[in-house]
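> Predicted model and sequence follow; I will ask about them next.
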Amino acid sequence: MKILCFGSLNLDNVYQVEHHVRSGETLASQSLTQYPGGKGLNQSIALARAGANVYHAGQIGQDGERLVSLLKENGVNCKFVLQSQERTGHAIIQVDQNGQNCILLYGGANRTMQPAWMERVLAHFESGDILLLQNEINGLPFLMKYAHEKGMQIALNPSPIDGGLFSLPLDTVRWFLLNEIEGEALTGVKEPKRICQKLLENYPNAEMILTLGSEGVCYQSKDQKLVHPSYRVPVVDTTAAGDTFTGYFLAKISAGESVSYALECASKAAALAVSQEGAAPSIPTIEEVQRFDFPARE
Ligand code: RIB
């Protein structure tokens, strides 16, 4: 089974700050580092580091070659990464003293994809293959509809959340991987247990994976309901924790592992990611996940 991650590739400019800058405030940062990122790229790397057979499709500008090199170094097939006239997407990320981030995005080349090219890419995939999507590229309605008609299985991480998500054909989604904020936006419901329930009422054939930060993760499908705790780790930078979780979870599920094992691996991988700086560089290898020995939260 092949996994196609059709998603963003960003250059992340990460500023260490005492606190996130407030409206009207001018704030000096303590440092600036540029890392590879983008939810799409991060999730492809997490999939590959977890051992999946992954293809990345997306667009960069002339300034984005190092992103492709990193994907290739990690074993991601990049034959569907295209260079466009637009500059590479980028993110301005502030990380505060507690490791919490806030992110401003510039879509750039991520948002200039053409449907005819998307169709040509999908022609290389078959019924049963997985299409993984986030919300940082244009053309999601087309990709979802076309992939669904081909019989591909769709995994959606609806991040970042925006009004456009409501016009997507969400009934084509097999796995929703989302956090509380995204869950609340999609359902209008605040309480985590009710978010999964409400999503299932709307999309009864889908599987819901709701990450709750230090509260762990809830999984619910029409046949199964599970919770898995988070782990106690030092928090350095939470950027890409969700991406790491998504990549690891899907890699394990696509390898035929049980949902409970996939949740455990993905939770450990995400915990390791928050204890390192940066997006892609913080994603652990499968060997690091196997050596994991931090305690679970009660
Ligand atoms: O999820 C983290 C990612 O969000 C960053 O790498 C940034 O590029 C934004 O896409």
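That came in fine, so what should we check first?

> Pull the number of nearby residues for the residue in the stretch 151-298 of the chain positioned nearest to the ligand.
Closest residue of the stretch 151-298 of the chain to the ligand, CB to the nearest ligand atom: residue 279 (3.4 Å). To be clear about C-beta, it is placed using only N, CA and C from the backbone, and glycine gets the same treatment. Neighbourhood size, residue 279 [other CB atoms under 10 Å]: 29.

> what separates residue 183 from residue 198, distance-wise?
For residue 183, the distance to residue 198 (CB to CB, to the nearest Å) stands at 8 Å.

> any residues in contact with both of those two?
Common neighbours of residue 183 and residue 198 (criterion: CB atoms under 8 Å, 6 or more residues apart in numbering): residue 189.

> between the two, which one's more packed in?
Using other CB under 10 Å as the criterion, residue 183 and residue 198 rank with residue 183 on top: 27 against 18.

> right, and that one touches residue 193 too?
No - using CB atoms under 8 Å, residue 183 makes no contact with residue 193, being 10.6 Å away.

> Report the backbone C-alpha coordinates of whichever strand or helix holds residue 80 in CSV.
For residue 80, the host element (DSSP states H and E) is strand 77-83. The C-alpha coordinates for strand 77-83 follow below in CSV (Å, rounded to 0.1, in the frame of the first residue of the first chain):
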residue,chain,number,x,y,z
ASN,A,77,9.7,9.7,-2.8
CYS,A,78,9.7,13.2,-4.3
LYS,A,79,8.9,12.6,-7.9
PHE,A,80,5.7,14.6,-7.5
VAL,A,81,7.3,17.7,-6.0
LEU,A,82,7.1,20.5,-8.5
GLN,A,83,9.0,23.8,-8.8
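
> Other residues contacting the helix or strand just after that strand?
Using DSSP H and E, the helix or strand that follows strand 77-83 towards the C-terminus is strand 89-95. With contact meaning CB under 8 Å, 6+ apart, strand 89-95 is reached by 8-17, 20-21, 29, 37-38, 101-111, 136, 237, 239, 277.

> Out of those residues, which end up buried?
8-17, 37-38, 101, 103, 105, 108-111, 136, 237, 239, 277 (16 or more other CB atoms under 10 Å).
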